[in-house]
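*Asks:* Attaching a predicted model along with its sequence, questions to come.
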Amino acid sequence: MTHRTFATRLSRPTAAVASPRLEPVLLAVTATALITGGIAWLTGAGDLADLFWGLGTLSAVIPAVGWVLAALRHGHTGVDLIAVLALGGTLAVHEYLAGALIALMLATGRTLEAAAQRRASHDLRALLEHAPRFARRRTDAGVTPVPLADVVVGDLLVVGPGEVVPVDGRVQSDTAVLDESVLTGEALHVERGRDETVRSGGVNAGGAFELRATATEQDSTYAGIVRLARQAGAESAPVVRLADRYAAWFLPLSLAVAGLAWLISGSAVRAVAVLVVATPCPLLLAAPVAIVSGLSRASRLGVVIRDGGALENLGRARTLLLDKTGTLTRGRPRVLDVTAVPDVKAAEVLRLAASLDQFSPHVLAQAIVDTARERGLALSVPTDVTEEPGRGVTGNVDGHQISVGRLGASTARPGWAKTVDNRALLDGAAVAWLTVDGQLVGAVLLRDPVRHDAPRTLRHLRAAGIERLLMLTGDRAAPAHEVAAVLGLDDVHAELGPADKVAAVRAERERAVTVMVGDGVNDAPALAAADIGVAMGACGSTASSEAADVVLTTDRVDRLADAVTIAQRARHIAVQSALGGMLMSLAAMAAATAGLLLPAAGALLQEGIDAAVILNALRALRVDQAVRPALTPAAEALIHRFAAEHDNLQDVLDSVRDAADRLSDSSGATALAAVEETHRLLTERLLPHEYAEEHELYPALAPTLGGPEATATMSRAHTEIERLSRRIATHLQLAHADGSLSAEQLDDLRSCLYGLNTVLRLHFTQEEENYFSLAP
């Protein structure tokens, strides 16, 4: 695939419009003609007034005929046909004022709809920006840059640090460390050994390595992603305007009534009067006003919807497909737990690891440093830092030789380290091991956590009528199924490439209107293939944003539920306004058929109908409290305060579990000291936090959540946390009286600690999902 081919724009068919500036110009011309004619009429210049009104009518006839012809070429008529007949009729019977009024209404409706659609842009510029243009080929004469199109199968290429893998191939060096997030969406780096295959589009996150090309540029993975996006975008059918769908039956009815009026009365003026009041201004105005109002309302919440058609489709969606990494999860690893040998505190393990990792660009290193800083740990400045790609970092911290990273396959692992390995396997976590002066002293477990707002979002989506929730991910099956179980998804498709995601989207589209949500370049083809593509634009790739119909500009997936609710409300109001306006138009048509309305009077009546319809459509701008409960500023400030405290209390939760683990190993002085330290942390830090939540946060949230009963379950958890803490304190009193922990105490004390650990982690998660996610 050539560079020029990459630049080919991905676009979807849209309504044909002669010029992007036509509608506002037409609106200005028709409004000017109507106003100027009115001034002339008031001054007694009736002929001049008719001239201005006639010119205004004529200015609308020409583009309206173009719109009708364009619609016919696409195989459907539209509401514009009635407007053309009414405009032509008013000119034929010299009812110029009526014609000018119709022209203004037509121009207004078209301008509103064009404003909603003009932002449509479905090109994939980011794919082009990421795509390499050259490769470095190694020959006997040395390493020389060559155009990517000149690379052939069998060439030996050199990929430097930070460079994009140019073509598919096999690693010819010992190891290659790659960031494949652009392909799989997974943030964790992967290591490829000698002769393992790598795909184009990945970024070299380690040292330089050699690559034997197994495909040309055009046949490589990354070029295939671009082709898939272009093909998927071309398949997406244009959205039929809401107004045109109702016009399918309103148009023939209007023509039949007008013909009947002419036949009965023998007067063309009466037929024109019918067409004037039949001009579907409620259709031309109500739908665009409601849709544009919905677009405006969504944009205030950080949801950019590209056009009215996307909003209409979003309101009809019944199936939702979600990527995992960056969409349902944060997309960045976070520290899950810290484990230490018996004579070292977990906080010291984290501090030492973070001190050394300050100089590492690795995504896991950044997560460790961020967590240490959140917990207020004082980091030291390391010296003599070196990093071996795929292995880890070594250096000197506080006079000790420190290493953080992977353990060699031949490294002897004590029992506690095997426990860490087992937990990492069960939790789908990565492990960063810490050695001090050659001795293994601790481990940091990291995992990409589920977004706090994801459970609430999916519950709201189901309540809004989404019937199927599925995950499409390039990640392994085990962590994907764990996330799906937590969130209650209907199905999971794991280990998918871009082509597999597109196939899954196409299969779901055959069943119902389908929404695809993603954040990476690898999601762009699937977003383009869906009825509605939604991109996590705040932290996602530009490619996914450009391929999407909806972009969430804030890093919150709960905005998706807001967008669906707003779309459904706007569509409901648009339909309600259009149908109500048409019923009033039908009544006016009956009056015109009986000769009770002249064309000019009918046009004025239609203006009144339009005003009523527009006022109703503007209700889509109002805030629907069902979308998001309103928080007081004080409650919002409390949420942010206690959310920060949750981050600071993670070491207390780690201490509770660590003390329970120490009791499992022994009941001596070390285990007793661990329990005593845990009790101190509970008394000084955790219990005051829980008390403040109970007496400050929960009362502030009660009005928003519907009363104190809404927080009753969480209050019961506070009671259980306090009960278990008191029970641990009683055990310590007994141990101090006897001089040590007795054998009779161990089972109950261990049960209290493990139980408290479970209750605390569940309680923290529930508060973060149900309460903290309410705050912007």
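*Replies:* That came in fine, so what should we check first?
*Asks:* longest strand anywhere in the protein?
*Replies:* Across the chain, the longest stretch assigned as strand under DSSP state E is strand 439-447.
*Asks:* Tally up the residues packed near Arg423, please.
*Replies:* The number of residues packed near Arg423 is 16, by other CB atoms under 10 Å. C-beta coordinates here come from the backbone N, C-alpha and C atoms, glycine included.
*Asks:* one step back: give me the buried positions along the helix or strand just after the longest strand of the chain.
*Replies:* Per DSSP states H and E, the first helix or strand lying C-terminal to strand 439-447 is helix 454-463. With burial defined by 16 or more other CB atoms under 10 Å, the residues of helix 454-463 counted as buried are Ala454, Pro455, Arg456, Thr457, Leu458, His460, Leu461, Arg462.
*Asks:* so where's the stretch 151-300 of the chain shaky on pLDDT?
*Replies:* Residue ranges of the stretch 151-300 of the chain with pLDDT under 70: 181-188, 224-248, 279-286.
*Asks:* which stretches of it form strands?
*Replies:* Ranges of strands in the stretch 151-300 of the chain, per DSSP state E, counting those that start in this stretch, are 156-159, 169-171, 175-179, 190-193, 197-198, 203-204, 209-213.
*Asks:* Does the fourth one pack against any helices or strands, and if so which?
*Replies:* Read that as strand 190-193. In terms of contacts (3 or more CB pairs under 8 Å, 6 or more residues apart in numbering; DSSP states H and E), strand 190-193 is packed against strand 175-179.
*Asks:* contacting residues around the strand it packs on?
*Replies:* Contact with strand 175-179 is made by 159, 165, 189-194, 196, 198, 202-207, 209, 211, 363, 389-390, as judged by CB atoms under 8 Å, 6 or more residues apart in numbering.
*Asks:* mind redoing it with 7 Å?
*Replies:* Here strand 175-179 makes contact (CB atoms under 7 Å, 6 or more residues apart in numbering) with 189-193, 198, 202-206, 209, 389-390.
*Asks:* can you check stretch 502-512 too?
*Replies:* If you take CB under 7 Å, 6+ apart as the criterion, stretch 502-512 is touched by 228, 232, 318-319, 321, 472, 493, 496, 514, 516, 525-526, 529-531.
*Asks:* Buried only: go through these for me.
*Replies:* By 16+ other CB under 10 Å, the contacts of stretch 502-512 give 228, 232, 319, 321, 472, 493, 496, 514, 516, 525-526, 529-531 as buried.
*Asks:* What is the nearest of those to Ile566?
*Replies:* Asp531 (17.3 Å; CB to CB).
*Asks:* I'd assumed Ala563 was in contact with Leu314.
*Replies:* Yes. Counting by CB atoms under 7 Å, Leu314 touches Ala563, with 6.4 Å between them.
*Asks:* where do the contact lists of the two overlap?
*Replies:* Shared contacts of Leu314 and Ala563, defined by CB under 7 Å, 6+ apart, comprise Val550.
*Asks:* So which of the contacts of stretch 502-512 is the closest to Glu180?
*Replies:* Using CB to CB, the contacts of stretch 502-512 come closest to Glu180 at Leu496, 13.5 Å.
*Asks:* Could you verify my assumption that Ala49 touches Thr36?
*Replies:* No. Contact criterion CB under 7 Å: Ala49 and Thr36 do not qualify, at 8.3 Å.
*Asks:* Out of these two, name the residue with the larger neighbour count.
*Replies:* Legend: neighbour count by other CB under 10 Å for Ala49 and Thr36, higher for Ala49 (21 against 18).
*Asks:* Relative to Leu55, how far out is the more buried one?
*Replies:* Going from Ala49 to Leu55 by CB to CB, to the nearest Å gives 11 Å.
*Asks:* same question, Gly207
*Replies:* 74 Å.
*Asks:* leaving aside the residues next to it on the chain, what's closest to the residue positioned nearest the centre of the chain?
*Replies:* Among the residues of the chain, the one closest to the centroid is Met536, at 3.4 Å (CA atoms, centre = their mean). Leaving aside its chain neighbours, Met536 sits nearest to Asp519 (3.8 Å; criterion: CB to CB, 6 or more residues apart in numbering).
*Asks:* Now for the one you found, how many residues are close by?
*Replies:* With other CB under 10 Å as criterion, Asp519 counts 28.
*Asks:* next one: Ala86
*Replies:* Ala86 has 35 nearby residues by other CB under 10 Å.
*Asks:* Hmm, Val272 and Gly89 touching each other?
*Replies:* Yes. At 3.7 Å, Gly89 counts as touching Val272 under the criterion of CB under 7 Å.
*Asks:* Next, the contact list for Ala603, please.
*Replies:* Leu97, Ala98, Leu101, Ile102, Val276.
*Asks:* do Glu722 as well
*Replies:* Leu687.
*Asks:* Report the separation between it and Pro688.
*Replies:* Glu722 is 11 Å from Pro688, by CB to CB.
*Asks:* related to what we said a few turns ago, now do the longest strand of the chain, average pLDDT.
*Replies:* For strand 439-447, mean pLDDT is 92.
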